[in-house]
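# Build me a model from this:
(one chain, ligands or ions: 2)
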Amino acid sequence: MMEKSFVMMKPDTIQRRLMGKVLSRFEEKGLQIVAVKMMHISPGLAQEHYGEHCERPFFNDLVEYITSSAVLAMVIQGDDCISMIRKMVGATNPKEADLGTIRGDYALDTGRNIIHASDSPQSAEREIALFFQDSEICDYSMPDSDLIYEE
Ligand code: GDP
Ligand code: MG
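Ligands and ions are numbered 1, 2, ... in the order given. This is a model prediction of the structure:
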């Protein structure tokens, strides 16, 4: 099923100049980037985005990290892409993330794990709506889609 996932490169990805490398992985996989926005997240938006973690001991550090500098918010589209992007991103703790995953290859610390990706269709819908207006999500065809998809 065609899905959209919310993916966000965290401040460390941008400051470490890894944006292009990370974005390339999604493009090379055949996924379609349908929205991109560089922005500073407000504390309020950070608290809402990570609301499920509000009682956790790391919550304040997480909000501080994610609001510390610019992030790159994105919507990525593809067949069953939500769970696949999670696999590409790797485990939350980069020390446990397999090599070949984004966190496994580019990060070392849970508190600096460089990227966020939606964990379910429900989170994807909620997170996309938090960060993007419908009009900011671009509908365009990929001329090579029959090379990526059988039908
Ligand atoms: P994710 O879905 O893999 O990003 O992981 P979670 O939803 O469990 O946690 C959200 C984010 O909170 C993670 O990506 C980390 O940036 C941060 N985080 C989670 N656990 C910890 C922790 O134990 N310590 C710190 N400092 N940050 C954490
Ligand atoms: Mg999560």
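
# Quick one: the helices in this protein, in order.
All helices of the chain, identified by DSSP state H, fall at 11-15, 19-29, 43-49, 59-67, 81-89, 102-106, 121-131, 145-148.

# Residue 3 is nearest to which of those helices?
Of all the helices of the chain, the one in closest proximity to residue 3, counting by CB to CB, is helix 81-89 (5.0 Å). The way it works is simple: take the backbone N, C-alpha and C, and place the C-beta from them, glycine included.

# Next, the buried residues of stretch 88-97.
88, 89, 90, 94, 97 (16 or more other CB atoms under 10 Å).

# And stretch 101-115, by the same measure?
Those buried within stretch 101-115 under the rule 16+ other CB under 10 Å are 101, 102, 103, 104, 105, 106, 107, 110, 113, 114, 115.

# Next: stretch 118-136.
Quick answer for stretch 118-136 (16+ other CB under 10 Å): 118, 119, 123, 124, 127, 128, 131, 132.

# I'd like the distance from it to the chain centre, please.
Distance of stretch 118-136 from its chain centroid, counting by CA atoms, centre = their mean, to the nearest Å, is 11 Å.

# which parts of the protein sit against ligand 1?
53, 58, 61, 62, 92, 110, 111, 113, 116, 119 (CB under 6 Å from any ligand atom).

# Closest to residue 6 out of those?
Nearest to residue 6 among the residues of the chain next to ligand 1, with distances taken as CB to CB, is residue 116, at 7.6 Å.

# got a pLDDT number for the closest residue to the closest one other than its chain neighbours?
Nearest non-adjacent residue to residue 116, counting by CB to CB, 6 or more residues apart in numbering: residue 8, 4.3 Å away. Note on residue 8: pLDDT of 99.

# now the one 5 residues further on
Each residue has a pLDDT score; the one for residue 13 is 98.

# measure the nearest residue to it once chain neighbours are set aside to residue 122 for me?
Once flanking residues are discounted, residue 13 sits nearest to residue 114: 4.6 Å by CB to CB, 6+ apart. To residue 122, residue 114 is 24 Å away according to CB to CB, to the nearest Å.

# What number of residues are in the vicinity of residue 2?
10 (other CB atoms under 10 Å).
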